[in-house]
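Student: sequence and predicted structure below; questions after.
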Amino acid sequence: MSRYIKEHSKKKGLPPGALVHIGEKKQDKTKITLFNYSEKKFSEKEISDVNDCLKLSDTSSTSWINVDGLHETKKIKEICSCFNLHPLLVEDIVNTEHRPKIEDHEQYIFITLKMIYLDPETKKIDAEQVSIIFGKNFVLSFQEREGDVFEHIRERLRNDGKIIKKGGTDYLAYTLIDAIVDNYFAILESVGEHLEEIEERLLKNPTSAVMRNIHDLKREMIFLRKAVWPLRDVLSSTGRSESQLLKKNTKDYFRDVHDHTVQVIETIETFREMLSGIQDLYQSSVSNKMNEVMKVLTIIATIFIPLTFVTGLYGMNFKYMPEIAWEYGYPAALLLMVMMATVMILYFRKKKWM
Amino acid sequence: MSRYIKEHSKKKGLPPGALVHIGEKKQDKTKITLFNYSEKKFSEKEISDVNDCLKLSDTSSTSWINVDGLHETKKIKEICSCFNLHPLLVEDIVNTEHRPKIEDHEQYIFITLKMIYLDPETKKIDAEQVSIIFGKNFVLSFQEREGDVFEHIRERLRNDGKIIKKGGTDYLAYTLIDAIVDNYFAILESVGEHLEEIEERLLKNPTSAVMRNIHDLKREMIFLRKAVWPLRDVLSSTGRSESQLLKKNTKDYFRDVHDHTVQVIETIETFREMLSGIQDLYQSSVSNKMNEVMKVLTIIATIFIPLTFVTGLYGMNFKYMPEIAWEYGYPAALLLMVMMATVMILYFRKKKWM
Amino acid sequence: MSRYIKEHSKKKGLPPGALVHIGEKKQDKTKITLFNYSEKKFSEKEISDVNDCLKLSDTSSTSWINVDGLHETKKIKEICSCFNLHPLLVEDIVNTEHRPKIEDHEQYIFITLKMIYLDPETKKIDAEQVSIIFGKNFVLSFQEREGDVFEHIRERLRNDGKIIKKGGTDYLAYTLIDAIVDNYFAILESVGEHLEEIEERLLKNPTSAVMRNIHDLKREMIFLRKAVWPLRDVLSSTGRSESQLLKKNTKDYFRDVHDHTVQVIETIETFREMLSGIQDLYQSSVSNKMNEVMKVLTIIATIFIPLTFVTGLYGMNFKYMPEIAWEYGYPAALLLMVMMATVMILYFRKKKWM
Amino acid sequence: MSRYIKEHSKKKGLPPGALVHIGEKKQDKTKITLFNYSEKKFSEKEISDVNDCLKLSDTSSTSWINVDGLHETKKIKEICSCFNLHPLLVEDIVNTEHRPKIEDHEQYIFITLKMIYLDPETKKIDAEQVSIIFGKNFVLSFQEREGDVFEHIRERLRNDGKIIKKGGTDYLAYTLIDAIVDNYFAILESVGEHLEEIEERLLKNPTSAVMRNIHDLKREMIFLRKAVWPLRDVLSSTGRSESQLLKKNTKDYFRDVHDHTVQVIETIETFREMLSGIQDLYQSSVSNKMNEVMKVLTIIATIFIPLTFVTGLYGMNFKYMPEIAWEYGYPAALLLMVMMATVMILYFRKKKWM
Amino acid sequence: MSRYIKEHSKKKGLPPGALVHIGEKKQDKTKITLFNYSEKKFSEKEISDVNDCLKLSDTSSTSWINVDGLHETKKIKEICSCFNLHPLLVEDIVNTEHRPKIEDHEQYIFITLKMIYLDPETKKIDAEQVSIIFGKNFVLSFQEREGDVFEHIRERLRNDGKIIKKGGTDYLAYTLIDAIVDNYFAILESVGEHLEEIEERLLKNPTSAVMRNIHDLKREMIFLRKAVWPLRDVLSSTGRSESQLLKKNTKDYFRDVHDHTVQVIETIETFREMLSGIQDLYQSSVSNKMNEVMKVLTIIATIFIPLTFVTGLYGMNFKYMPEIAWEYGYPAALLLMVMMATVMILYFRKKKWM
């Protein structure tokens, strides 16, 4: 399966709205966790029967249902129908290739975006799709696999976490998105350090391995930008939204995370420009090194070729060669050669080739 | 005939509105198929006499007339006049070089877009023009040749297909467009795999054939982008349209296919950037290989040229050369040469050329 | 005179509104042709006395006055004053360097654009300025020289041409512009074929002549784009115009020709990108060829330089060289050399240089 | 002093509004010339006491005060306070690094733009700041030094010049700006000719001097674009302005000069693209020439190295070498060498290297 | 710590609004200075107990509290709560990686921007974050360390400084921003001079050190642009703001500093383009130099290789070589060699290689 575009073709020929999981199966079983809380109480449980969700919709408390694993499309569909989600939307949840977007469906707001992981060894970036739906008293979050980015939010809910508990579903949704965006920065820091390391290595020794590193990092940046770029518009329109589900106060928070996203994008662009600069530097270093090599060849060859010609001259076997018989022939020839070499070395010095 | 622009010049000198088929003749005979259906009934037949269409306009059932083959302009014209289509529009249908566009003519909406085929062997992309017109109770679709992209829609109509049958003409038009856009993804997947394959081959051995592949793929991407790009605006304005022919619900679907088109375009751009990156990598690999070759030449030449000079020196035939007659002359000369070679090898080692 | 910008400096120091012909004199004498027609009658005559135009303004029939040749500024001025054109506008007509634009002066609409010619031999593009002014019952068209792009329109007027005769002045203006834009396609087709031909030649043999062709074609594309680009906005604003001189129906036609212009521009852009691609391919082909040459040099030199050293060794004249006197010295030396060559050839094979 | 940015740092640490002349002192003394005219009368005098200006503000005639030389900030300030100009504006007048802008201060309109000079020898472009302020009955113009671009306007005022005299202050301001923009064309023509000349020289002989010319011209184009680009917006907003100081008729003229500015900018862009093209051509020419040189080296070396090896072979001094003693050894060796050379020449011919 | 992005990851896992100082600790202790002034009185003191600020909010005089050093987040928080600042805003103050922005909170306006320092030795640019908050009668300014850019403003307050004292808090805020932007020009001047110096050095001798300088300067420009670019929008929206905290007069001043920022950005872009040009020139110079070296090698080798072959020829030891025994053999051989050399030199002259 190509990394750049996943098996969309699965859907070819199916009616619109057909539920097909597009993407890798990253987890064995879909895991559904329910957090139910109000300002005073808090409960957490893993649920297996989706119908349990049905009872949630009319309680006064807030429910956060976190779903890890998207390939069991039937389960996903069931959960979504509990909350009356639009069928196209369910399709978007399980299509892990979807670009970040926001949709306001009056009863609920749907946001899908990318969570980013960086393989510390290969420096490859992996994007996982996260979908967040929040209505009056529920928040649904769908991830491709269990991750630890939301862990500290769960922790805060379990412990005190008054702000979240008071904040309403829009604030919880914001908290989840904020955790994802904060994670982008961690990735970028790691990339930034890798970039500086490449630059240093390049200055020491411009090997072709460095070029490969530059190429790989450029590709990852293209990949990352594609994943993050649309989020900007998503959060910008959230900040300006007129939905009743968004409190004025929360919109301030969304504007704040929008600012962070803009910063992430600018940093990606900066990295891309720097990589271009480093690539130029690499090319110029390589050609410099090559030139140095060539210069040595030229100088050696240019000095010795004429000298060798002279030795060849007096190595000829003609019977009548006056110089050969001359008593000082040999020293004279040596002197001639020394002079020729000297003249050429001086010429090279003047030309600044040595 | 140039691939990049088809024989427009045919039209030069003709009055505007003159019907000229621009493009290749891809099929022998124009084939017209009529699907007539309502929620309960369904009929399908191939029609030869265009006038049969006339009777359709006032029935309560929905008619889908699919026309394969555009070079029989007279037939096309007859069909279009059955439905009172604007003459300029008929001209657009048979001009297969037209860029995707939408036109709202109150009584009907006209959408033209490109269907894409990928030759699996040559990896060449071929674009075929598809025009879709839908009014209150009819949908017309024009293709350059019989294809199989719409086949599964026909299949669904023949079988159950309740959603389509209930959906109205706008929903059928959406289904057709959705099928075309889903097909783009299939093409892109194939291109993506080809791209990864090129990258791998490049890393093994940067031959000039790889460069040709890169060049060809870049050209195909330019071609593809030109074909798909305008569709974005077309679908975006469909989603926002105020036409009475578009139900609110269908507009949601059009927005969904618009999102997919945006994703297609972004993927094309990503591929283009990756191809640029791969090209840089190719150039750098080639020059690396070249440098390696040059280094070997330099080292061999630089070591042996001075040594050969020494042999030349003692190959001279001067009568008075004390070294020649010296008993240890030969071993001394050999020693000198070994020392010279050693010094140079050490120098190259130090310079990291070896 | 520079081709890229014509002698504007002529105007330096003159008051604004001063009438100066900027551009080449492409024709000896200004030729004025008057077509007078209504739905039923038609007359055509060449007029020499400009004052004849005066009588036209109040007739009920439509007059098309076509002027070929712009350097006789006095005549141009006289014609323009017959129809009360704004002085700045007259200045624009004779300044053949003007960029395409539209101006709505209530009583008449002024459109200026470029007609393109392609020299079939040199593949050089030549742009000629055409200005079209149409009011209630007159159309003025100004060209730099007599051309044949409008010929078929004249022909249609002479013969039947009911549509044009009924269409009004705005429709005639549209017909003229449409003829010019259709001509762009003819040029682009020719360019497209030239481009494919270059690509083919390049793949056979990347000579420097090919590079010159690429360079020339790129320059022509820059030139062409500059000439056509502004027309897009001109026609777009015509399509949206609220002038009473433009019938609703005609605006549909203007939108159509606008679509064609967009397509022309996109094709130019596509050609430019393809030329860039071809240039990359050229550069890579040249460097490939160079590398091949260098490899041969390296291999030959690297194999023979050590061998020649050996021959030099045994060509030395030392008195005491045991090998020399050895009976099998010569065959042994030959064997040594064969072995050295073999080792090196194997090394090159392993390195994939041979 | 850097050419690209003048000594702004002078202002660092000063309060805003502090009057500092930024730029070169191009003229010894500030020269103030007053033109006072109405439709019937005209007077011109050089004034030394700035207070003379005070009397002007209430006359019914129009005054044009032209100031050459900006370093005497005190004088500039005095003139400006006569006409109640805003302090920030006075600061802008003497800061010759300011980008073109327009400011509408109800009582007067302030426009600042760049006058361009081209050194005919070095082809360097020099930008001088011109500020124009016009109110109900006065026009102020500030230049860095006496120039001749406005000379013909003065001439027209002195002689008849009815149009200007009737035209009001806005028309005079337009005339000044038009003179400056017309001058841009003169510069561009000269640049265009220089560009064609470079291209021709390049095709004859791609020396490194040509590359320097290209580089210099590119830099001048960057410089020129920076100076002219913002003028477009300035004139565009003038054409749309609602100020009572601008008559409807004059706005037509401003739109006309706006069109010219757009054309200037497009021509600059065209030149930049052409320079890029020429640079590509240069690089390719240089590498072509290099390849030719390398090919000769390769061919000569590749032919003679093996031959020289053969001569070395038979120059060895082994006692037992059967060929040496053979009667036809010498002719046989010669034949061998001729054959080797022939084979290699044929090989090169086949490879199209010769 | 990477230079391009600071340790954002510190925040990962913390609740939103958690106060974390992101950036380097540039100063040991947070220093708080209070300037209290009205038109008539003025006091200045360093305060250690943050609660002193509390008393300020209701006085009629204006207070400017300048805070140097941001790592003592607790103190920052205390100050901010004195003035009822929004918690997210306090977070922004201590996050020194924040991009410039403006936020209008009715009771106060928050502006954050970058102060730029240039290390005169390494030519490295360092950006420090400055946050300015102004309300009805207070101005808060936060810097990362004590700097001298605001020193002259303090000096003016201490001395007369009537304009500032009368100007209100918005004018003081403007003065602070103006001082920062004026400082940008000083940086750019220094960069401009460095750039010209590099260009000159390049023309003398294109060493690889020059390439490194170009690379470094390009990187600094990317860095600088990222720091300054967003300020444009910030100041533009300040100039258009409808806040009651901004007097009409002050908005003129903000528009002025906006103009300056635009100029700074344009200059940065110009520098970037120039650096690209210089890099092209460098590459072309290097390859020119290389070509020159190669040409010498070619000429020397091409002349001497055939000559050496001739000497080898007559150095062969064949018994039967008629030329050897010929009396004029040696001079004839010499003559042959001179002729060969001459022919080749003439050939090179003709080819313009010498």
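Tutor: Noted; the coordinates are in hand.
Student: output the contacting helices and strands for the strand or helix carrying A:Val181.
Tutor: A:Val181 belongs to helix A:162-204 when elements are defined using DSSP states H and E. The contact analysis (3 or more C-beta pairs under 8 Å, 6 or more residues apart in numbering or on different chains; DSSP states H and E) places helix A:162-204 against strand A:62-68, strand A:108-118, strand A:125-135, strand A:138-143, helix A:151-158, helix A:208-240, helix A:248-313. (C-beta placed from N, C-alpha, C; glycine too.)
Student: now those in JSON lines, with mean pLDDT, mean neighbour count and distance to chain E?
Tutor: Shown next, in JSON lines, are the helices and strands packed on helix A:162-204 (pLDDT from 0 to 100; neighbours: other C-beta atoms under 10 Å in any protein chain shown; distance: least, C-beta to the nearest C-beta, whole Å):
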{"stretch": "strand A:62-68", "mean pLDDT": "90", "mean neighbour count": "22", "distance to chain E": "16"}
{"stretch": "strand A:108-118", "mean pLDDT": "91", "mean neighbour count": "22", "distance to chain E": "12"}
{"stretch": "strand A:125-135", "mean pLDDT": "91", "mean neighbour count": "22", "distance to chain E": "15"}
{"stretch": "strand A:138-143", "mean pLDDT": "92", "mean neighbour count": "24", "distance to chain E": "16"}
{"stretch": "helix A:151-158", "mean pLDDT": "87", "mean neighbour count": "16", "distance to chain E": "4"}
{"stretch": "helix A:208-240", "mean pLDDT": "89", "mean neighbour count": "20", "distance to chain E": "12"}
{"stretch": "helix A:248-313", "mean pLDDT": "87", "mean neighbour count": "20", "distance to chain E": "3"}
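Student: from D:Arg154, how far off is A:Phe309?
Tutor: Applying C-beta to C-beta, to the nearest Å, the value for A:Phe309 to D:Arg154 is 77 Å.
Student: check contacts around the residue lying closest to A:Asp104 once chain neighbours are set aside.
Tutor: Using C-beta to C-beta, 6 or more residues apart in numbering or on different chains and skipping the chain neighbours, the partner closest in space to A:Asp104 is A:Ser243 (5.2 Å). Each residue near A:Ser243 by C-beta atoms under 8 Å, 6 or more residues apart in numbering or on different chains is listed here: A:Asp104, A:Glu106, A:Ile109.
Student: so what's the last one bridging to?
Tutor: Beta-bridge pairing for A:Ile109 (DSSP bridges): A:Asp104, A:Phe134.
Student: what's the burial count for A:Asp92?
Tutor: Residues contacting A:Asp92 under the criterion other C-beta atoms under 10 Å in any protein chain shown number 21.
Student: so it makes contact with A:Arg99?
Tutor: No - using C-beta atoms under 8 Å, A:Asp92 is not in contact with A:Arg99, being 9.9 Å away.
Student: break chain A down into its structural domains.
Tutor: Domain ranges of chain A: A:9-284, A:290-350, per automatic domain parsing.
Student: between those domains, which gets nearest to C:Ile222?
Tutor: Proximity to C:Ile222, assessed across the domains of chain A by C-beta to C-beta, is greatest for domain A:9-284 (24.6 Å).
Student: chain center to that closest one, what's the gap?
Tutor: Relative to the centre of its chain, domain A:9-284 is centred 14 Å away, using C-alpha atoms, centre = their mean, to the nearest Å.
Student: quick one: secondary structure of the residue of chain A found nearest chain D?
Tutor: Using C-beta to the nearest C-beta, the point where chain A gets nearest to chain D is A:Gly315, with a distance of 7.0 Å. The local conformation at A:Gly315, judged by DSSP: H, G, I helix; E, B strand; the rest coil, is coil.
Student: how many other residues sit next to it?
Tutor: 28.
Student: perfect, I'm done here.
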